[in-house]
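Undergrad: one predicted model, sequence on top.
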Amino acid sequence: MWLEGESSPLVAGCEIHNNTVGGMGGGIAVDVGAAPVIRDCHIHDNTASSGGGVCWAASGGVIEDCLIAGNSATFGGGIALMSAIGLVVTRTGVEANEAVHSGGGLYASDSTLEMRGCEIDDNSTQGSGGAVWLLNADAVISGSTLLRNSAVGSTGGVLIDTSTLTVSSCEISRNGVGVAILGAGISHADARRNWWGDESGPNHPALNPDGLGDGVGDGVDFVPWNVVTGIDEQKPPSPATWGSIKAIYR
């Protein structure tokens, strides 16, 4: 399905599956000024070069209450964004997608993105960024799960390059490395107030060597972290303080 032009179509209640394209958007391609709402759709088992399930290029819009699963691509197994403008993804599963190069679940370049209440789980890549790869992009992820994603290259969770990431009130666990930065000092990652799979918090060799949760890279802000699991965007779990952190190791 190809959507473009100055329009805001509604695509709702559809199953889009078993399609293959050589370019962008195996299931849905959104291009040049379109701003669709994709709602209550199951987009699965599609293949493309960019965005196995969905590809957004030079456009905005909304994805809500969808399942994007089992798709494959070179970039962005589930979703690929290329110069996307303010895409909002809510209550959507991005699950078990695969990318050859980067962004098993989602790949975003030169784009802005917000994800709320999503499940970004069980995605994989032969390259880097099993859950998400951000390149010159700005992303906010809240109230979501990032679980069991994997990368052969590096960073099973979220890898950012020349980008800004804010991730909060999320469960980030069993990804190996949960959040990492390429070129620390150029990018910024605010990953405070998340659950990392253990009350001791994420593992950082220098800043939290006893952390038993997912790893974090240099330059990632992760203190305070949540010391109990569970997601509630309105009332997030209690964050750790340095006092409570020290008490864990007594």
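TA: Alright, I've got the coordinates.
Undergrad: is the residue most central in space within the chain in a bridge, and if so with what?
TA: In the chain, the residue lying closest to the centroid (CA atoms, centre = their mean) is V132, at 4.2 Å. When bridges are called by DSSP bridges, V132 pairs up with L106, V158.
Undergrad: one more: V94?
TA: The partner residues for V94, given DSSP bridges, come to I68, I120.
Undergrad: where's the residue nearest to the centre of the chain relative to S102, distance?
TA: Separation of V132 from S102 (CB to CB, to the nearest Å) stands at 9 Å. No exception for glycine: its C-beta is placed from N, CA and C like everyone else's.
Undergrad: report the contact partners of the residue nearest to the centre of the chain.
TA: Contacts for V132 (CB atoms under 8 Å, 6 or more residues apart in numbering) come out as G103, G105, L106, Y107, A108, I120, A139, I141, L146, G157, V158, L159.
Undergrad: same thing with N18?
TA: Contacts of N18 (CB under 8 Å, 6+ apart): D45, N46.
Undergrad: ditto for S83
TA: A57, A58, S109, D110, S111.
Undergrad: and A139, by the same measure?
TA: Residues in contact with A139 (CB under 8 Å, 6+ apart) are A108, T112, L113, E114, M115, V132, S163, T164, L165, T166.
Undergrad: now with 10 Å?
TA: 81, 87, 106, 108, 111-115, 132, 158, 160, 163-167, 189 (CB atoms under 10 Å, 6 or more residues apart in numbering).
Undergrad: show me what it bridges to in the sheet.
TA: L113, L165.
Undergrad: in stretch 148-165, what's buried?
TA: Judged by neighbour count (16 or more other CB atoms under 10 Å), stretch 148-165 contains these buried residues: 148-151, 154-161, 163-165.
Undergrad: quickly note the distance from T145 to H42.
TA: 19 Å.
Undergrad: ok, P224 next?
TA: From P224 over to H42 (counting by CB to CB), the distance is 38 Å.
Undergrad: mind picking the two most distant members of the buried residues of stretch 148-165?
TA: In terms of CB to CB, the buried residues of stretch 148-165 reach their longest pairwise distance at R148 and T164, which sit 25.5 Å apart.
Undergrad: by mean pLDDT, point me to the weakest helix or strand of the protein.
TA: Using mean pLDDT, DSSP states H and E, the weakest-scoring helix or strand in the chain turns out to be helix 242-248, at a mean of 38.
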